[in-house]
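Q: Below is the sequence, then the predicted model.
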Number of protein chains: 2
Amino acid sequence: MEHQVELLAVGTELLLGNTLNTNAWDLSRLLSGMGLNVYHHTVVGDNPQRLQQAVEVAKSRADILITTGGLGPTCDDLTKKVVAGVFGLPLEFHPQCQQSIRDYFARSGREMTDNNLQQAYLPKGCTVLENRWGTAPGCAFCVDGVHVVMLPGPPRECIPMFREEAAPYLAQLTQGVIHSRTLRIFGLGESGVEQLLRDRMNALINPTLAPYAKEGEVELRITAKADTVEQAQTMIAPVEAEVRGLLGDLIYGADVSSLEEVVVPLLAQKGLTLGTAESCTGGLIAKRVTDVPGASAVLRGGVVSYTNAVKHQVLGVSQAVLDAQGAVCEEVARQMAQGAMRVLGCDLAVSTTGVAGPDSDERGNPVGLVYVALATPEGCEAVELHLGGAAQRRDRVRTMAANHALDLVRRYCQKK
Amino acid sequence: MEHQVELLAVGTELLLGNTLNTNAWDLSRLLSGMGLNVYHHTVVGDNPQRLQQAVEVAKSRADILITTGGLGPTCDDLTKKVVAGVFGLPLEFHPQCQQSIRDYFARSGREMTDNNLQQAYLPKGCTVLENRWGTAPGCAFCVDGVHVVMLPGPPRECIPMFREEAAPYLAQLTQGVIHSRTLRIFGLGESGVEQLLRDRMNALINPTLAPYAKEGEVELRITAKADTVEQAQTMIAPVEAEVRGLLGDLIYGADVSSLEEVVVPLLAQKGLTLGTAESCTGGLIAKRVTDVPGASAVLRGGVVSYTNAVKHQVLGVSQAVLDAQGAVCEEVARQMAQGAMRVLGCDLAVSTTGVAGPDSDERGNPVGLVYVALATPEGCEAVELHLGGAAQRRDRVRTMAANHALDLVRRYCQKK
């Protein structure tokens, strides 16, 4: 049977444009991956009449309804009451939910207010979906052939709850899988990738091959429909081999979400330690490396040398070079990386110095001019980047500079 | 008259989770600012039956329907045909649109294919909305008291077209504005804020008062409907004063999006420079401070001392203390902050040391135990934080630790 899924988000903040509905985006991808077809997204505000009407519309056209938002303790959180009402279910008190809520507050050391206990009221006879990421439990039930799943609104609760609690519940309803493998590419744009692969992309039906532009990177997704994950993987493998033949080391990883997720295990595998010396990226590289669990095994530390004084005094960059050429030049990038290696006692050190914007620097260097260097036991390599154009945003210049720095580390390790 | 707006996005890529519906987010904000109430967002795929049904539902509940997507030249772009059909309008050829499309291709030096001319077919009698950012023209018409506006899907066409072409058309329909002021709160949760303000929240109708949970913070929004922005501001001011009386310095800023956006100008205003010494936050604090343009005037630099060796050798933390108590203790946090002050030559320095997870440290300290310290010319203060609970994610522990550190700086500066 072909299931028809509707995602219904509840929250006036979405209709005011204060919050972006990323849940619909994430859940759609996850549901598609399970072989479930999402046919509608709907958003309504915290208004009982309009919510009720939206639930009735969804009930008439979908057989799986997933709501997000409106489960919290505040008085405008009304999803449970309205949805249960449309499906003819009363709310009843779930003592074990009350205990989970109390435990959550005890664990996090916060004081629980009485209105938090309202969250323990759930539709009669439902399956409780435990919320280990916040206080509002979710639930699932089936009435009149329609499966209803209710999840909280904050993405950091909604998405893990979907993965760990709701997905197993829904998996019973579906046959077959849609399975993807995602190759991450750095160093070639979306249209470049498309040009290289266009013929294959057009020829392929199952699996399919599609590129997606990400912030400064390209994601290439190979997606197969099959009875089992294993079968899908067997269908994907030859396409991946072919793509790898064409793109080579432009592909930095598969089924990873960032360069740092590749760099940290690579460094660990090669037994190398890393240090950073950051000017324009201001700590972003160290932050990204330490986003990855296990970073402590490979990152010794970093220096954010935002001023020339710190570049000179902490990293030992030559004052004469700083005076003559300013902070944004290749020589300063090199001396920063070499200084970090010495000061932090690491095997490899990357550095960045450049103009993140919004304005060009006092020497007239344009926004987006960045030097990145990598110091290694064998020497020091540096690259000059032009990430500019007046319309480039500060955060994009910084992200791209960090990407280039991490890619230098990646390529060095892979050659080792 | 109260208008009811529905935004209808057309595109299978949205339902697959490949594209995030940022148009709904941007348009909602723009429409709210014009005093138009958005009551529904809907997304359907490139399927004529489901699109028709969605248009019929929208026609029954909204008096302004804005569609995005499905105006392009490819065969799955069917919005015009279906929408015009529901409203009983035939499509007719608009010669001036054909000319605009030809001109666009001539200007951009691309070759025009025949299917591009299909875009010159628009509902009979409509107002053409010119597209100077792409090829597909939009249109607007009113039938049976329902105003329909069709815009292209790509955000870089949709949003400027809305601003320059659709907004003037819709402005004729509306009187008044909706204006909000957003207070940002750190140090009290959503339910705590709600408990303090519940009576006022329930009593207020215009302006309204509503709290929203953000990552470790709460946003409190005061929203007024009035004829002009000035009038709305006058209505909001006494409510803000009352809320400030209740919440005091838990409110760290108004109409800002983060602590760092408050901290950077505060430091500049007080003539103070900042430095950072980060262990568990791994560069996140420096990264967040340097996200703010103008950070170079106040941030001297930072040290990411991820290993004990860097804590001792670069920041001068006592080896005896590290050996006896380990890296996660109050004394190390203090010595890190004081060391950073000395090494970086800054007026204030913040430090973090703790267990970000996913696992407890080798001394058995639990995930979420973090010490944050602030060194100032007057001395050094430190706080012990319990951000844990086994389910807390690494990134949340790090974000909260950075929030607490930035809040220490904010409070110090505000008292200065």
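A: All right, it came through fine.
Q: confidence score at the closest residue to A:Gly33 other than its chain neighbours?
A: Spatially, and ignoring its direct neighbours in sequence, A:Gly33 is nearest to A:Ile178 (5.4 Å; CB to CB, 6 or more residues apart in numbering or on different chains). All C-beta atoms are positioned from the backbone trio N, CA, C, and that covers glycine. The pLDDT attached to A:Ile178 in the predicted structure is 78.
Q: Is A:Thr42 located within a strand, as I assumed?
A: Yes: the assignment for A:Thr42 (DSSP: H, G, I helix; E, B strand; the rest coil) places it in a strand.
Q: Show me what it bridges to in the sheet.
A: Partner residues in beta bridges with A:Thr42, using DSSP bridges, are A:Leu8, B:Thr42.
Q: thought it was touching A:Ala9?
A: Yes: between A:Thr42 and A:Ala9 there is a contact at 7.2 Å, judged by CB atoms under 8 Å.
Q: shared neighbours, those two?
A: Taking CB atoms under 8 Å, 6 or more residues apart in numbering or on different chains as the contact rule, A:Thr42 and A:Ala9 both touch B:His41.
Q: neighbours of A:Gly245, just the number please.
A: Counted with other CB atoms under 10 Å in any protein chain shown, the neighbours of A:Gly245 add up to 8.
Q: any idea how far it lies from A:Asp407?
A: For A:Gly245, the distance to A:Asp407 (CB to CB, to the nearest Å) stands at 21 Å.
Q: and if you look at A:Glu230?
A: To A:Asp407, A:Glu230 is 33 Å away according to CB to CB.
Q: more neighbours, these two?
A: When A:Glu230 and A:Asp407 are compared on other CB under 10 Å, the one with more neighbours turns out to be A:Asp407, at 23 against 11.
Q: What strand or helix carries A:Arg184?
A: strand A:177-185 (DSSP states H and E).
Q: Just the local confidence number for the closest residue to A:Ile251 other than its chain neighbours, please.
A: Counting by CB to CB, 6+ apart, the nearest residue to A:Ile251 once its immediate chain neighbours are dropped is A:Leu183, at 5.0 Å. Each residue has a pLDDT score; the one for A:Leu183 is 95.
Q: for A:Leu183, what are its contacts?
A: Neighbours of A:Leu183 in contact, by CB under 8 Å, 6+ apart: A:219-222, A:240, A:243-244, A:247, A:251, A:253-254.
Q: Please identify the buried residues of stretch A:149-157?
A: A:149-155, A:157 (16 or more other CB atoms under 10 Å in any protein chain shown).
Q: Near chain B, which residues of the stretch 251-400 of chain A are found?
A: Within reach of chain B by CB under 8 Å from any CB of the partner chain, the stretch 251-400 of chain A has these residues: A:276, A:278, A:281-287, A:289-291, A:293, A:295-296, A:299-307, A:309-310, A:313-314, A:343-345, A:356-358, A:394-395, A:398.
Q: what ranges do the strands span in the stretch 101-250 of chain A?
A: Taking DSSP state E, counting those that start in this stretch to define them, one finds strands in the stretch 101-250 of chain A at A:121-123, A:127-129, A:138-143, A:146-151, A:177-185, A:208-214, A:217-226.
Q: Sheet partners, orientation included, of the fourth one?
A: Strand partners for strand A:146-151, identified by DSSP bridges, are recorded as strand A:64-68 (parallel), strand A:138-143 (antiparallel).
Q: hey, where'd the helices end up in the stretch 301-416 of chain A?
A: A:308-313, A:319-325, A:330-344, A:394-415 (DSSP state H, counting those that start in this stretch).
Q: Out of the ones you listed, which is the most enclosed?
A: Between the helices of the stretch 301-416 of chain A, the one whose residues have the most neighbours on average, counting mean count of other CB atoms under 10 Å in any protein chain shown, is helix A:330-344 (a mean of 24).
Q: now that helix, how far from the chain's geometric center?
A: Remark: helix A:330-344 is offset 31 Å from the chain centroid, using CA atoms, centre = their mean, to the nearest Å.
Q: Now for the residue nearest to A:Arg50 when sequence neighbours are not counted: which residues touch it?
A: What sits nearest to A:Arg50 in space, not counting adjacent residues and going by CB to CB, 6+ apart, is A:Val44, at 5.0 Å. Under the criterion of CB under 8 Å, 6+ apart, the contact list for A:Val44 reads A:8-10, A:15, A:50-51, A:54, B:39-40.
Q: try 7 Å
A: Under the criterion of CB atoms under 7 Å, 6 or more residues apart in numbering or on different chains, the contact partners of A:Val44 comprise A:10, A:50-51, A:54, B:40.
Q: Tell me the one among the residues you listed nearest to B:Lys80.
A: Minimum separation from B:Lys80 among the contacts of A:Val44 (CB to CB) is found for B:His40, which lies at 20.9 Å.
Q: Phi, psi for the residue nearest the centre of chain A please.
A: Geometric centre of chain A, nearest residue: A:Ser257, 6.6 Å, by CA atoms, centre = their mean. Dihedral angles phi and psi of A:Ser257 (degrees, to the nearest 10) take the values phi -110, psi 0.
Q: Please name the nearest non-neighbouring residue to it.
A: The spatially closest residue to A:Ser257, leaving aside those adjacent along the chain, is A:Arg184, at 7.7 Å (CB to CB, 6+ apart).
Q: and the gap between the one you found and A:Arg163?
A: Taking CB to CB, one finds A:Arg184 at 21 Å from A:Arg163.
Q: quick one, which of these two is more surrounded?
A: Under the criterion of other CB under 10 Å, the comparison of A:Arg184 against A:Arg163 puts A:Arg184 first, with 21 against 12.
Q: A:Asp249: what's it in contact with?
A: Taking CB under 7 Å, 6+ apart as the test, what A:Asp249 contacts is A:411, A:414.
Q: let's see 10 Å
A: A:186-187, A:407, A:410-411, A:414-415 (CB atoms under 10 Å, 6 or more residues apart in numbering or on different chains).
Q: Just the pLDDT at it, thanks.
A: On the pLDDT scale, A:Asp249 is placed at 94.
Q: And A:Gly17, by the same measure?
A: A:Gly17 carries a pLDDT score of 89 in this model.
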